[in-house]
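**Q** Quick one, what's the 3D model for this:
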Amino acid sequence: MARVKKAPRPRWVLSLQANFWRSLMEIGMFLHRIAPPRPPPPNFKRTIKAKVSPNPGPIVLNFYVPSDYEAQRRLKGKKYPVVVNFHGGGYTLGSASDDARWAHTVVDEVGAVVVSVDYRRAPEHPFPTAVEDGSDAVLWLAEHHRELSIDPERIAVSGFSCGGNMAFTVPLRLQGELLSESYQEEVGLAESNPIVTTGSSSMAPSKESFVTKSLPGPDGKTIIHVRKEVNIKAIVAFYPPTDYTQTREQRRTTCIRADQELSAVFTDLFDESYLYPVTMDLTNPFLSPGVAPDDMLVLLPEDIVLFCCEWDMLLHEGEQFRDRLNGLGKKVKYTMVPGVPHGWDKAPNPLRPTPGVLQHYLSACAELRRVFGTEGEAALKRRRRRSSFVA
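**A** Coordinates of the predicted model:
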């Protein structure tokens, strides 16, 4: 017998439930953060106005910076690479401080500034607000790169769970802001994705703002015309959902450990809150990058670092997306973390961090060091110790 689809719950009911779980998640993340070594809080914050989204509102950016940042900023003698991070929580829960351990590791190992984005959450702000807020964050950082002492030519994006989805969908959404109109018309991006608008009102580009770049692809080189003040060099995504055309039931059938799956209490709340209205197109590339057109995916950064979890209902679609990106000529460093469920690195254990997490964070940081050509204080100290030992 066919399953009867449940009627969507009223938005106010979803909001009440979201606020209840947000409170509990804050407690869990507090316990997660106090485990030694305890990561430091953000060094400073900035609040910016949403401009890409048609819905006005504030977006808070949390900055984590290297120890020499303030001195170098005053001297105006150094530009730092920047990693823009998006937290998880099904677009409904969570906050920009959830990934403090990741941010601290990146600062120490890569020598980069990390900016964690407190994007607006569902159900109050359903799709595509989160992706638009993430796009606004990248554009604002590029526009203010001089005063922030960051290098707009060395930007990476990272994220966890739905934030991992945003690590792909924000660069895709930015194509409407960064690519020239002539290129969009040439490949039909504007026609196939009417949600894209060329050029944000905050940074209306002139013809002189564009440069020609060549990207590798399965059929040779792709020539594009792109805004020169933003260059996203890499994507780091941890256990992202990539294909919302798959139902939760279909996803659950691919998971080898049903007892480790995220409860339907949460997945129903996430989907009803963010995927609104219910008639929305689930193939939208700013929601489901795994089914985005090749013409859009080929423009993603060449270097992609992807982590999936063995006991996760999102493992199968993550590996399918990996294969597709490889086929498009991307350099995908893929890791399937064995024997762990979705969100394994965020366990609310106040006594110690989850074993193995730092190893995978360091692996991702090694890729960022290679892409950026930088080295953080912790990595530098290790290299010096090794050199003195050999000597």
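**Q** And the helix or strand G318 falls within, how far out from the chain middle?
**A** Using DSSP states H and E, G318 sits within helix 315-327. Put simply, helix 315-327 sits 17 Å off its chain's centre (CA atoms, centre = their mean, to the nearest Å).
**Q** could you point out which element follows it?
**A** Note on helix 315-327: by DSSP H and E, the next helix or strand toward the C-terminus is strand 331-341.
**Q** in whatever helix or strand comes next after that following strand, what counts as buried?
**A** Following strand 331-341 in sequence order, the next helix or strand is helix 357-372 (DSSP H and E). Going by neighbour count (16 or more other CB atoms under 10 Å), the buried part of helix 357-372 is V357, H360, Y361, A364, C365, E367, L368, R369, V371, F372. Using the backbone N, CA and C atoms, a C-beta is placed for each residue, glycine as well.
**Q** Check stretch 134-149 too.
**A** Those would be 134-143, 145, 148-149, for stretch 134-149 by 16+ other CB under 10 Å.
**Q** Out of the buried residues of helix 357-372, which is nearest to G176?
**A** Set against G176, the nearest of these by CB to CB is V371 (24.5 Å).
**Q** Would you agree that closest one is in contact with A234?
**A** Yes: when contacts are counted by CB atoms under 8 Å, V371 is listed as touching A234 (4.6 Å).
**Q** which neighbours do these two share?
**A** Shared contacts of V371 and A234, defined by CB atoms under 8 Å, 6 or more residues apart in numbering, are found at A156, D303.
**Q** what helix or strand is the most centrally placed residue in the chain on?
**A** Residue closest to the mean C-alpha point of the chain, counted by CA atoms, centre = their mean, is A167 at 2.8 Å. Applying DSSP H and E as the criterion places A167 in helix 162-178.
**Q** Next: R38.
**A** Going by DSSP H and E, R38 is not in any helix or strand.
**Q** Need the pLDDT of it.
**A** In this model, R38 is scored at 92, pLDDT.
**Q** And it, how far from V157?
**A** 26 Å (CB to CB, to the nearest Å).
**Q** If you count surrounding residues, which of these two has more?
**A** When R38 and V157 are compared for neighbours, V157 comes out ahead with 30 against 13, by other CB atoms under 10 Å.
**Q** Within the sheet, what are the partner strands of the helix or strand harbouring that one, with directions?
**A** Using DSSP H and E, V157 falls within strand 150-160. Within its sheet, strand 150-160 is paired with strand 80-86 (parallel), strand 232-238 (parallel), according to DSSP bridges.
**Q** List of residues touching the helix ranked longest in the chain?
**A** The single longest helix within the chain, with elements called by DSSP state H, is helix 11-34. With contact meaning CB under 8 Å, 6+ apart, helix 11-34 is reached by 39, 89, 92-95, 97-98, 100-101, 121-124, 266, 269, 272-273, 276, 346-350.
**Q** quick one, strands of the stretch 201-350 of the chain?
**A** Under the criterion DSSP state E, counting those that start in this stretch, the stretch 201-350 of the chain contains strands at 210-217, 220-227, 232-238, 303-311, 331-341.
**Q** Can you point out the buried residues in the shortest one?
**A** By neighbour count, and taking 16+ other CB under 10 Å as the criterion, the buried residues in strand 232-238 are I232, K233, A234, I235, V236, A237, F238.
**Q** pLDDT below threshold where in the chain?
**A** Flagging of the chain using pLDDT under 70 yields the residue ranges 1-5, 179-229, 383-391.
**Q** Repeat the analysis, applying 50 as the threshold.
**A** Confidence mapping of the chain against pLDDT under 50 gives the ranges 1-4, 190-212, 214, 221, 223-226, 389.
**Q** circling back: among the strands paired with strand 150-160, which is nearest T283?
**A** Using CB to CB, the strands paired with strand 150-160 put strand 232-238 closest to T283, at 19.6 Å.
**Q** Please find the angle between the direction vectors of the helix or strand that contains V107 and strand 232-238.
**A** Element membership of V107, judged by DSSP H and E, is helix 100-110. Between helix 100-110 and strand 232-238, the angle comes out at 140 degrees (axes from the mean of the first three to the mean of the last three CA atoms, to 10 degrees).
**Q** Toward the C-terminus, what is the element adjacent to helix 100-110?
**A** Counting by DSSP H and E, what follows helix 100-110 is strand 113-118.
**Q** And whichever helix or strand comes after that next one, what does it pack against?
**A** Downstream of strand 113-118, the first helix or strand assigned by DSSP H and E is helix 129-143. Helices and strands touching helix 129-143, as assessed by 3 or more CB pairs under 8 Å, 6 or more residues apart in numbering; DSSP states H and E, comprise strand 44-49, strand 58-64, strand 80-86, strand 113-118, strand 150-160, helix 162-178.
**Q** give me that answer again for 7 Å
**A** Applying 3 or more CB pairs under 7 Å, 6 or more residues apart in numbering; DSSP states H and E, we find helix 129-143 packed against strand 58-64, strand 80-86, strand 113-118, strand 150-160, helix 162-178.
**Q** which is the next helix or strand following it?
**A** Counting by DSSP H and E, the element after helix 129-143 in chain order, helix or strand, is helix 145-148.
**Q** With just CA atoms, put that next one into PDB.
**A** Output of helix 145-148 as PDB, limited to C-alpha atoms (Å, rounded to 0.1, in the frame of the first residue of the first chain):
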ATOM      1  CA  HIS A 145      39.800  42.800   2.000                       C
ATOM      2  CA  ARG A 146      42.100  45.700   2.400                       C
ATOM      3  CA  GLU A 147      40.900  46.800   5.800                       C
ATOM      4  CA  LEU A 148      40.700  43.200   6.900                       C
END
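**Q** how far out from the middle of the chain is it?
**A** 22 Å.
**Q** cool, stretch 282-301 as well?
**A** Centre-to-centre, stretch 282-301 and its host chain are 14 Å apart (CA atoms, centre = their mean).
**Q** residues of stretch 16-36 that come out buried?
**A** For stretch 16-36, burial by neighbour count (16+ other CB under 10 Å) applies to Q17, A18, W21, M25, G28, M29, H32, R33, A35.
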